[in-house]
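Student: Predicted model, plus sequence, below.
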Amino acid sequence: MGVRGTRFTQAYVPSPFCGPSRACLAFGKEYDATGVMDNKRWSVDHVEWETVYKLLRDEGGYHTMTCGKDDFYEFDVNFPKYGADSTKNLKKFPLMDLGFADAIRSDGKMRIMKDAKNLNEAYRLYLDGRTVTMLDGTEINARTAYKACMKGEGAKGGCDASSFPDENYPDDFVRDRAIELLDRKPSDKPWFLQVNFPGPHHPVVSTSRMAASVIDRQWPDPINDPSTGHCPQQAADVAANNNLESIPPQLGGRCNYAAELENLDMLMYSIVQHVEKELGELDNTIIVVGGDHGENLGDNGVSGKGMPWHASVCTPLFISGPGVAAGQVHEGPVTTLDLGGTWLDYAGVGKMADGMTTASLRSILAGDDTTPNRRRYVSSGYLEWRAVIKEMPTSPEDPKITSYKLICCKGREKKSGDGTLTYVGCKGAPGMYKFCCTFTMLNLFLFYTLGLYLTLHYFFTSRISNALP
């Protein structure tokens, strides 16, 4: 896609956490404007809100689809994930129209391990209905094997090279559901498909095939935190006791994160191939590959997301399709919040819902360097911290343009067991400060992502401007 389309080297998410980032995308609003400050924080206040998907469906005439781990409100009017038929649930969580015409929704890696009632969650039901055979011939339930692999329990718990095949892997399951949705869409309407891969994400687990594919490579140390143990399958006991065909699924390590990425690359390619070979519609399809947050992977001594550091707030962003400049690299800061405005622009939807601040990247994608950047800066935030990223001259004496990031963090009170109040600094911040601000120069882009893969199929329309404050 880097050759066929445009690559962005500074694509910032409005919030580096699953639920908030996707809420910003759905509502077309900045982090603080959504009210979704953390995962699972959608409320009854959001039920009547407009979404980008509703505008695409109702105003643009698109057949809108989604599959996988979307992290949206669970009680969608057409595609609820849990117990929407329960009177108790409906009183607490009224139904909401997210804006999809078709959907196959599933949970993330951790939640799949939990039992639940009144299910309408595709992946858990899929695993519960399958039986797998271990290397010793023992037959067990597929979700039992899944849980053992995700927890690192090994063969004693039911996880070996045979019991967790690629076809049962969560990302492979989502790819199959994407193709299922494409094959049953109507043929007389333009379409939009959002494919939400669960990976790469904690717990970082690779199947036997995936683990073998990365065992012979060297993996770089995290930034500012040299360490060892980046690839558990390279340990002597694993390498000596298993041939490549029988390496058990592996848990953790930078190499297995990379294995997840390479597997996702293959899965995304297979969807694109399906659009081209089976549907014959690639020539008028916009393809977007992006992420809802990054991953520190040990950089600066931390792992996970939710921090203002570059590996957390920056994600890959590739866009290709008709009207998109091929081989273009855009090095200035952009926000993934503007993906929604870009889709609406291509779809010919000229009117935003009240409060939406998403804009269009279409002029950038077309290679139009005469149109000024309509955002003076991009922003990101999570809980106690906020960040602003802006291009400015390096110094009064040096006109070279550089991206700078201003991070402000407000500490919070924490009560100990004896009632003593202490101030806790923000996660990843230097020291335990009530308030801190840092001003840094950005010069590094790391290729980390949590799978958010979207396609937009459209008929050519005139460009509609979307005003920004």
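Tutor: Arrived safely. Note that this is a predicted model, so its numbers are computed, not measured.
Student: Just the residues contacting stretch 386-403, thanks.
Tutor: The list of residues contacting stretch 386-403 from outside it, by CB atoms under 8 Å, 6 or more residues apart in numbering, reads 10, 12, 308, 313, 332-333, 373, 376-381, 404-409, 441-443. For glycine as for every other residue, the C-beta is placed from the backbone atoms N, C-alpha and C.
Student: Give me the spatial nearest neighbour of Phe8, chain neighbours excluded.
Tutor: Leaving aside its chain neighbours, Phe8 sits nearest to Leu317 (4.1 Å; criterion: CB to CB, 6 or more residues apart in numbering).
Student: A strand includes the one you found, no?
Tutor: Yes. Secondary structure assignment places Leu317 in a strand (DSSP: H, G, I helix; E, B strand; the rest coil).
Student: contacting residues for it?
Tutor: Neighbour list for Leu317: Arg7, Phe8, Ala11, Val288, Val289, Gly290, Gly291, Val334, Thr336 [criterion: CB under 8 Å, 6+ apart].
Student: the strands in the stretch 1-150 of the chain, which residues?
Tutor: Counting by DSSP state E, counting those that start in this stretch, the stretch 1-150 of the chain forms strands over residues 6-12, 63-68, 102-105, 131-133, 139-141, given from the N-terminal end onward.
Student: Give the burial count for the closest residue to Met134 other than its chain neighbours, as a bare number.
Tutor: Counting by CB to CB, 6+ apart, Met134 lies nearest to Ser163, which is 4.8 Å off, once chain neighbours are set aside. In terms of burial, Ser163 registers 28 neighbours under the definition other CB atoms under 10 Å.
Student: next one: the one 4 residues further on
Tutor: For Glu167, the count of nearby residues is 12 (other CB under 10 Å).
Student: Check Met37 too.
Tutor: The local packing of Met37 (other CB under 10 Å) involves 16 other residues.
Student: and it, backbone torsions?
Tutor: phi -90, psi -10 (degrees, to the nearest 10).
Student: Check Ile271 too.
Tutor: When read as degrees, to the nearest 10, the backbone of Ile271 gives phi -70, psi -40.
Student: What separation is there between the residue nearest to it when sequence neighbours are not counted and Leu193?
Tutor: Here the nearest residue to Ile271 in space, its sequence neighbours aside, is Ala178; by CB to CB, 6+ apart that works out to 5.4 Å. Counting by CB to CB, to the nearest Å, the gap from Ala178 to Leu193 is 7 Å.
Student: Overlap in contacts, these two.
Tutor: Shared contacts of Ala178 and Leu193, counting by CB under 8 Å, 6+ apart, come down to Cys67.
Student: the more surrounded of these two?
Tutor: Counting neighbours by other CB under 10 Å for Ala178 and for Leu193 shows that Ala178 has the greater number, 28 against 24.
Student: who's Gln192 bridged to?
Tutor: One correction, residue 192 is Phe, not Gln. Judged by DSSP bridges, the bridge partners of Phe192 are Thr64, Leu456.
Student: Help me confirm that it comes into contact with Val52.
Tutor: No. Because the distance of 9.4 Å does not satisfy CB atoms under 8 Å, Phe192 is recorded as not touching Val52.
Student: thought His201 was touching Arg111?
Tutor: No. At 11.5 Å, His201 does not count as touching Arg111 under the criterion of CB under 8 Å.
Student: who's more crowded, the two?
Tutor: When neighbours are counted by other CB under 10 Å, His201 comes out ahead of the other of His201 and Arg111, with 25 against 15.
Student: now the more buried one: how far from Asp368?
Tutor: As judged by CB to CB, His201 and Asp368 stand 36 Å apart.
Student: so how many other residues sit close to Gly294?
Tutor: Around Gly294 sit 27 other residues, with neighbours defined as other CB under 10 Å.
Student: quick one, the strand ranked longest in the chain and strand 6-12 angle?
Tutor: Ordering each strand of the chain by length in residues (DSSP state E) puts strand 398-410 first. Going by axes from the mean of the first three to the mean of the last three CA atoms, to 10 degrees, strand 398-410 is angled at 40 degrees with respect to strand 6-12.
Student: What residues sit buried inside strand 398-410?
Tutor: Judged by neighbour count (16 or more other CB atoms under 10 Å), strand 398-410 contains these buried residues: Ser403, Tyr404, Lys405, Leu406, Ile407, Cys408, Cys409, Lys410.
Student: thought the fifth one was touching Trp385?
Tutor: Spelled out, it's Ile407. Yes. The pair Ile407 and Trp385 passes the contact test of CB under 8 Å, sitting 6.2 Å apart.
Student: pLDDT below threshold where in the stretch 1-150 of the chain?
Tutor: 82-91, 118 (pLDDT under 70).
Student: the helices in it, which residues?
Tutor: Residue ranges of the helices in the stretch 1-150 of the chain, as given by DSSP state H, counting those that start in this stretch, are 18-27, 31-34, 52-54, 87-92, 109-112, 122-128, 142-151.
Student: looking at the ones you listed, which is buried most?
Tutor: helix 18-27 (a mean of 27; mean count of other CB atoms under 10 Å).
Student: For it, report the contacting residues that lie outside it.
Tutor: By CB under 8 Å, 6+ apart, the list of residues contacting helix 18-27 from outside reads 13-15, 30-31, 33-34, 36-42, 46, 49-53, 69-72, 98, 108, 292-293, 336-337, 339-340, 355-356, 382, 450, 452.
Student: Please check those and keep the buried ones.
Tutor: When burial is judged by neighbour count using 16+ other CB under 10 Å, the buried members of the contacts of helix 18-27 are 13-15, 30-31, 34, 36-37, 42, 46, 49-53, 69-72, 98, 108, 292-293, 336-337, 339-340, 356, 382, 450, 452.
Student: Just the mean pLDDT for the helix or strand where Val329 lies, thanks.
Tutor: Here Val329, judged by DSSP states H and E, is contained in strand 328-330. For strand 328-330, the mean per-residue pLDDT is 94.
Student: who does that strand pair up with?
Tutor: strand 6-12 (parallel).
Student: what does the strand it pairs with contact?
Tutor: Identification of contacts with strand 6-12 by CB under 8 Å, 6+ apart yields 1, 290, 313-320, 324-326, 328-336, 364-365, 367, 378-380, 389, 403, 442, 445.
Student: just stretch 28-47 next, same as before
Tutor: Contacts made with stretch 28-47 from outside it, assessed by CB under 8 Å, 6+ apart, are listed as 14-15, 17-20, 23-24, 27, 51-52, 71-74, 93-96, 337, 340-341, 352-353, 355-358, 379-383.
Student: CA atoms only for it, dumped as CSV, please.
Tutor: Included here for stretch 28-47 are C-alpha records, laid out as CSV according to Å, rounded to 0.1, in the frame of the first residue of the first chain:
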residue,chain,number,x,y,z
GLY,A,28,-16.3,12.6,14.8
LYS,A,29,-15.3,14.5,18.0
GLU,A,30,-12.2,15.1,20.0
TYR,A,31,-11.6,13.1,23.2
ASP,A,32,-13.0,15.5,25.7
ALA,A,33,-16.1,16.2,23.6
THR,A,34,-17.2,12.5,23.5
GLY,A,35,-17.5,11.9,27.2
VAL,A,36,-16.0,8.4,26.7
MET,A,37,-12.9,8.9,28.8
ASP,A,38,-12.1,5.2,29.3
ASN,A,39,-13.2,1.7,28.0
LYS,A,40,-16.8,0.8,28.5
ARG,A,41,-17.8,4.4,29.3
TRP,A,42,-20.6,4.8,26.8
SER,A,43,-23.7,6.0,28.6
VAL,A,44,-27.4,6.6,28.0
ASP,A,45,-26.4,10.2,27.0
HIS,A,46,-24.8,8.8,23.8
VAL,A,47,-28.0,6.9,22.6
